[in-house]
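Engineer: attaching a predicted model along with its sequence, questions to come.
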Amino acid sequence: MNSALLHPVVLLLPIAVIVAFWLIAAVERRLRGTVQPGFFRRNGAAVGTYLIVAVGIWMLLLILLPQVSMLELSFRPKLPPVQMGGPRDMYTLANYRYFLFGSPDDASHWNVLHLRAFFLTITVSILVTGFDFLLCYPLAFHMAQTARPGRVRLLLLALIAPYWVNEVLRAFALRILFAGSGLLNTALLGLGAIAQPVDFLGLNIGLYVGLSYAYLLLMIFPLYSAIESLPHEQIEAARDLGAPWWRIHRDIVVPFAKPGIASGCTLVFMLSAGALATPLILSGPRSLWFTPVVYDRFYQAFNWPQGAAYAFILLLTCVAFVLMVLRLSRLSLGEMTR
Amino acid sequence: MTAAVELDRVSVRFGDFTAVADVGIDIEAGEFFSFLGPSGCGKTTILRAISGFVPLSTGAVRIGGRDMAGIGPNQRPTALIFQSLALFPMMTVAENIGYGLRVRGVPRRTRAERVARLLALIALEGEGDKRVEALSGGQRQRVAIARALAVEPQVLLLDEPLSALDLKLRQHMRNELRAIQRRVGLTFIYITHDQGEALTMSDRIAVMRAGRIEQVGDGRSIYEAPQTAFVAGFVGESNALRGDVVQTADGEALVETPVGRLRGRNPRQLQAGDAALLFVRPEFVQPGLSADNECDAEAADFTYEGSITHVTFRAAGGTKLLAQIGAAARQAVPAPGARVRLGFAARDAVALPP
Amino acid sequence: MNAVALPRALLALYLAAFFLFLFGPLLVMAVTAFNISAYPQVLPFAGFTLHWFADLPRDDDLMLGLGNSLRIGAMVVVLSVPLGLAGALLMHQVHARARALYYLVTVSPVLTPGIIIGIATVIFWRDLTGMTHTRFLYDGILLTVLGQSSFIAAYCMLIFTARLQRFDPALAEAALDLGASRTQVFAHILLPFLRPAVLSAAALAFLSSFENYNTTTFSILADKTLTTVLAGRVRQGTTPALSALAVAIVAVSVLGAVAYEVLRRHEEGRRAAAQRVAREAERQEMQSAAQPA
């Protein structure tokens, strides 16, 4: 299949799908015989046009078409510009094969470097998500249920303020803290706990702490707002019935706060797995996070099709994680992102 | 004279559900007309069809003789007062009242004068700069009326506007609404499920049930001469006795009921052998009254309400009969458990098809 | 220790640890910005200085990045707030069965890693501008605005959807009934009702754009923003000048957040005052209604 010919066709796909959906809806409306005024009569010509144009631009030009072209590029070979559209421009799985075997045609060795980075990223992101949940849950519960209103306002303010410090700066702050002559080493040396400075960054401790630190607040706010809507009487009723504290949390608070927990976990996982600044700044020379690998496909190897394939693999992983969270928590996407 | 609002065989269907079925009625200019019915009977849909928010499935709405088909709510000569009042929270009182004039392009100066006059009409002079949030329930009510009157509609439509108010205030506002209507001389179409409101304010009432009009008439005829079992049961309290017609004569029917043979008016020309419900209002049922209809019963339950006493009697076959005894006749209230003979006149009872 | 004191002590310990973790690194960074020492460190504190701050405006790269960041932020606000608003308004009108899909597509950028959005944006616009011979549109600043807007518009949409849930449709109907056109309803009723949400969305859009790194680092191409300059410098090595810059940025964001909070409280105060007036009027009204006519 020559990709140059199909390229425009692929880009028209999302448009075709939207038109098809619109037609189905129109036919269904006709069949059910409801006499609601049409879209433009309901919104007026000016506002109706604005809605259609704005959502059309957003959905097509900013969301769907970029993703589709990335996917399409990931199936194309890397070619010098003169050969593009030529006979060698055929759809291929070579870029995905490279991810697995480190070579487009030899399948005898695994691509250990990239696969290790990929699985390390997934594993560490899951661990970071779990750690952040454990760290944030008690505070969220305290603010939502047991703290006095004045204190809640104070705590919220204290949480919102650092929320706006950007990822690069947070990583930078930790780098200062963890540096060979940083405050942590100075303090530990001074206390006599260690004899020589510890290479926190080289050991990747800096990276793990940095990731946990960076997305902490994206866990706490969904948790807080979910637990806050739980009527306090339910907890009191359970306590009244003699439930021990851990059962109150297991049987009442956690099931109730499920949407908040799900959205907090999804956000933290997605941001950790997709983090770029934190690993670039805080990881030691030996470790390889997956996103810098993707980055290097583009700007070190200059192999864009391969980079697109790697990006798509990362996207699939995140989609799989969201689906898994939804399945585990038995929620719909709408409930989770509320 | 043409009717102010003409509903010509109007039906409104939502998918498979028929909200309004074949309603035809003429509402006269200057009339205070109410649609009365339980919730879900289609009365709000009628109002929304008149104001243009709900398209008709069949039939026509004519206002001042003009067919409203294809005319949007913003071009109809009607003004609607919403159940929630729907005052604009982002505007002041004066801006709310003047809004209809503003979108009509009325110059600022003229607008200010008209708004000031309306503020005077609703006794809120000088309060025009207040935020809507700073108004009491009754004041909001009056602002909503003034806002609707400002556009000088031919017809004012009111969708249970008093339902959010406290009971005392509601009664007060009934009088005020009626007074405003008399003063401005507009056609008012009023929607309510509260029969008290409908009876006290309306020139005419249409009682609705399941999308259809059961009966149209002034308050007196609705209350005293119900034409259907639903109207008799829904408007005011009634005793309903189930039975079969055994004989008819002179516009009256004799009905065989569990408590005996009773006579009542027969407006629907029931024939001997037809099933019937005989309705009689509690205020006409009196102990010890010798009348066309009499039966034995035992006083079972009492509710004292000051001006009247409600007594529940148990008659033959476990049939319950409710009587209301006015304070002037309080010596007629029987002792608990006493057996008495109840009587009511045939002209106060009505036999209707069930 | 009694039964209440122990949990309390644990709670206090936990809170202290949590906020030490949260603020500790930022405070350390802040202190290094004022230390004369040429390497960013707290100890030894060689002496207090402000010259790291004074040097900032002379750094051409930083200033260029800052200018670009501000321009991009402004353009993102102008683009993504209307997009998000349209997205939210259309949400209710999409046919019930298609609504789940509509929601999935519009919210998906929030759940997509930023670098993927950046990559996809660059690939698509490279192709599109190549095919349509509009290469001049293949510009780092423009691509960044487009890439960031794809997910920032989704944030805005979520803000608008939340606010719209409290909108009484009768308000729009009342305006229509009084003779307003659909466009007037939008301008006079809906937009003023959404004003607080528009302000929140604009603030969120600007801040999200300003601090964004993951998408920007791809879509900015050969240009630079403050964040990409910053990241490049940090990778080369840390200096107190960066601490100073960080302190300045944090200070501005915190000031902004505080100003926003103050404005919000002020608005709430006005509403509370109006409600007090309403309650008083209500009381008087009940009295007069209770009196015999």
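Structural biologist: Structure received.

Engineer: where are the low-confidence patches of the chain?
Structural biologist: Reading this off chain A. Scanning chain A for pLDDT under 70 picks out A:1-6, A:28-37, A:104, A:285-287, A:336-338.

Engineer: sorry, should have said chain C
Structural biologist: Applying pLDDT under 70 to chain C flags residues C:1-5, C:290-293.

Engineer: let's go with 80 and repeat that
Structural biologist: Residue ranges of chain C with pLDDT under 80: C:1-7, C:38-46, C:94-98, C:237-238, C:253-254, C:256-258, C:260-261, C:264, C:285-286, C:288-293.

Engineer: helix or strand: which one has the residue nearest to the spatial centre of it?
Structural biologist: The C-alpha lying nearest the average C-alpha coordinate of chain C belongs to residue C:204 (C-alpha atoms, centre = their mean; 1.6 Å). According to DSSP states H and E, residue C:204 maps onto helix C:191-211.

Engineer: need the contact partners of that helix.
Structural biologist: Helix C:191-211 has contacts (C-beta atoms under 8 Å, 6 or more residues apart in numbering or on different chains) with A:164, A:166-167, B:89-90, C:69-70, C:72-74, C:76-77, C:80-81, C:84-85, C:148, C:152, C:155-156, C:159-160, C:162-164, C:167, C:171, C:226-227, C:253, C:256, C:260, C:267. (C-beta placed from N, C-alpha, C; glycine too.)

Engineer: tell me which of these fall in helices.
Structural biologist: In helices, judged by DSSP state H, the following of these are found: A:167, C:69-70, C:72-74, C:76-77, C:80-81, C:84-85, C:148, C:152, C:155-156, C:159-160, C:162-164, C:171, C:226-227, C:253, C:256, C:260, C:267.

Engineer: now, which of the residues you listed lie close to chain B?
Structural biologist: Contacts with chain B within the ones in helices among the contacts of helix C:191-211, counted by C-beta under 8 Å from any C-beta of the partner chain: residue C:171.

Engineer: thinking again about what came up before, can I get the buried part of the contacts of helix C:191-211 as one ChimeraX selection?
Structural biologist: In ChimeraX, this line selects whichever of the contacts of helix C:191-211 come out buried by 16 or more other C-beta atoms under 10 Å in any protein chain shown:
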select /A:164,166,167 /B:89,90 /C:69,72,73,76,77,80,81,84,85,148,152,155,156,159,160,163,164,171,226,227,253
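
Engineer: in which helix or strand does the spatially most central residue of chain A reside?
Structural biologist: The centre of chain A sits closest to residue A:270, judged by C-alpha atoms, centre = their mean, with a distance of 2.0 Å. Per DSSP H and E: residue A:270 is located in helix A:258-273.

Engineer: show me what that helix is packed against.
Structural biologist: Where contact means 3 or more C-beta pairs under 8 Å, 6 or more residues apart in numbering or on different chains; DSSP states H and E, helix A:258-273 is packed against helix A:112-141, helix A:205-214, helix A:216-228, helix A:304-329, helix A:333-336.

Engineer: recalculate using a threshold of 6 Å.
Structural biologist: Contacts defined by 3 or more C-beta pairs under 6 Å, 6 or more residues apart in numbering or on different chains; DSSP states H and E place helix A:258-273 against helix A:112-141, helix A:216-228, helix A:304-329, helix A:333-336.

Engineer: nearest to chain B, of those?
Structural biologist: When the helices and strands packed on helix A:258-273 are compared by C-beta to the nearest C-beta, helix A:333-336 sits nearest chain B, at 24.1 Å.

Engineer: contacts for the closest one, please.
Structural biologist: If you take C-beta atoms under 6 Å, 6 or more residues apart in numbering or on different chains as the criterion, helix A:333-336 is touched by A:259, A:262, A:263, C:103.

Engineer: burial count for the second one?
Structural biologist: Here the number of neighbours of residue A:262 (other C-beta atoms under 10 Å in any protein chain shown) works out to 23.

Engineer: cool, residue A:220 as well?
Structural biologist: Number of residues near residue A:220 (other C-beta under 10 Å) recorded here: 26.

Engineer: chain neighbours aside, what residue packs nearest to it?
Structural biologist: residue A:136 (4.4 Å; C-beta to C-beta, 6 or more residues apart in numbering or on different chains).

Engineer: now do the contacts for that neighbour.
Structural biologist: Residues in contact with residue A:136 (C-beta under 6 Å, 6+ apart) are A:219, A:220, A:223.

Engineer: chain C contacts on chain B?
Structural biologist: By C-beta under 6 Å from any C-beta of the partner chain, the part of chain B that sits against chain C consists of B:51, B:73-74, B:80, B:82, B:84, B:86, B:90, B:99-100, B:103-104, B:131, B:133-136, B:138, B:151, B:168-169, B:172.

Engineer: which phi and psi does the closest residue to chain C within the stretch 101-250 of chain A have?
Structural biologist: Nearest residue of the stretch 101-250 of chain A to chain C, counting by C-beta to the nearest C-beta: residue A:166, 3.4 Å away. For residue A:166, the backbone dihedrals (degrees, to the nearest 10) come out as phi -80, psi 170.

Engineer: got the domain boundaries for chain B?
Structural biologist: As given by automatic domain parsing, the domain ranges for chain B are B:5-224, B:238-352.

Engineer: phi, psi of whichever residue of the stretch 251-354 of chain B sits closest to chain A?
Structural biologist: Chain A sits closest to residue B:353 of the stretch 251-354 of chain B, with a gap of 33.9 Å, by C-beta to the nearest C-beta. Taking degrees, to the nearest 10, you get phi -70, psi 140 for the backbone angles of residue B:353.

Engineer: tell me the secondary structure at the closest residue to it other than its chain neighbours.
Structural biologist: In space, and not counting its chain neighbours, residue B:353 is closest to residue B:268: 5.9 Å by C-beta to C-beta, 6+ apart. Put simply, residue B:268 is coil when judged by DSSP: H, G, I helix; E, B strand; the rest coil.

Engineer: just the pLDDT at residue B:268, thanks.
Structural biologist: pLDDT recorded at residue B:268 is 91.
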